[in-house]
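Trainee: Fold the following for me, if possible:
(one chain, ligands or ions: 1)
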Amino acid sequence: MPNVILAAGPIARARNGVIGRDGTLPWRLKTDLAIFRAITMGKPVVMGRKTWDSLPRKPLVGRTNIVLSRDGSFAPKGALVCEDFSEAVAIAREQAEDDGASEVCVIGGASLFALALPKARRVYLTDVEAEVPGDVFLDAFDEAAWTEVRAKRHEASDDDEYAFVTRVLERR
Ligand SMILES: NC(=O)c1ccc[n+]([C@@H]2O[C@H](COP(=O)([O-])OP(=O)(O)OC[C@H]3O[C@@H](n4cnc5c(N)ncnc54)[C@H](OP(=O)(O)O)[C@@H]3O)[C@@H](O)[C@H]2O)c1
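Mentor: This is a model prediction of the structure:
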């Protein structure tokens with residue numbers, strides 16, 4: 001299945017690297033959530049168990065939800081569970097092939113991004129223009145290894161607490 005792209009993200013990160021706080025997102029960015037939905041719709045999504053727990057509505061509809069957990073007794077309704085990241089990606093790729101989807105998205109959290117970034121061909125990144133308190137951080141990654149192919153700035157508004165830039169990076 002070489003044609004299915006492995007993508008990391010969408011990842012939304014603050015200037016100080018924060019991506020999460022108290023098991024949820026540390027900001028209100030309605031427009032970015034809509035962009036997340038549009039990017040991932042119809043594609044298999046792979047996430048960590050804590051990200052699954054954080055979803056207000058589960059599963060994410062219109063997407064095969066694959067959750068990584070070491071807990072053999074974990075059996076969430078509406079998701080497949082895997083104990084191994086490579087296996088999760090392999091299952092997601094097969095599902096994408098079956099569905100005619102072009103890519104698989106690894107949607108977090110930090111531990112899943114750390115596993116996906118070395119292997120991904122594309123990164124969907126939202127740079128949030130704020131420094132916020134938090135307890136989950138995205139590991140620094142070498143942006144020189146990536147080419148930015150798209151970027152769009154969104155102003156803060158009633159819907160979006162902070163300004164942010166949505167970016168698409170492809171591996172050089
Ligand atoms: N800003 C963003 O873009 C973004 C995106 C996603 C999530 N978040 C935020 O990030 C936070 C959650 O992220 P997190 O990093 O704490 O947790 P996470 O990556 O969502 O989940 C961690 C869990 O995944 C399982 N896991 C991780 N690596 C594994 C492996 N190699 N093999 C098997 N299972 C594995 C384990 O589950 P078990 O404990 O069940 O074994 C582990 O406790 C929340 O605050 C969420 O809102 C932010």
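Trainee: Am I right that Ala110 is in contact with Phe141?
Mentor: No. Applying Cβ atoms under 8 Å, one finds Ala110 not in contact with Phe141, separated by 11.5 Å. (C-beta placed from N, C-alpha, C; glycine too.)
Trainee: These two: which is more packed in?
Mentor: Shown here are Ala110 and Phe141; by other Cβ atoms under 10 Å, Ala110 has more neighbours (21 against 18).
Trainee: could you measure the nearest residue to the more buried one once chain neighbours are set aside against Ala145, distance?
Mentor: Leaving out its chain neighbours, the residue that sits closest to Ala110 by Cβ to Cβ, 6 or more residues apart in numbering is Val136, at 5.0 Å. Val136 sits 23 Å away from Ala145, taking Cβ to Cβ, to the nearest Å as the criterion.
Trainee: Between the two, point out the one with more neighbours.
Mentor: Neighbours were counted for Val136 and for Ala145 using other Cβ under 10 Å; Val136 has more, 22 against 11.
Trainee: quick one: pLDDT of the closest residue to Met41 other than its chain neighbours?
Mentor: Closest residue to Met41 apart from its sequence neighbours, by Cβ to Cβ, 6+ apart: Gly62 at 5.2 Å. With respect to pLDDT, Gly62 has a value of 97.
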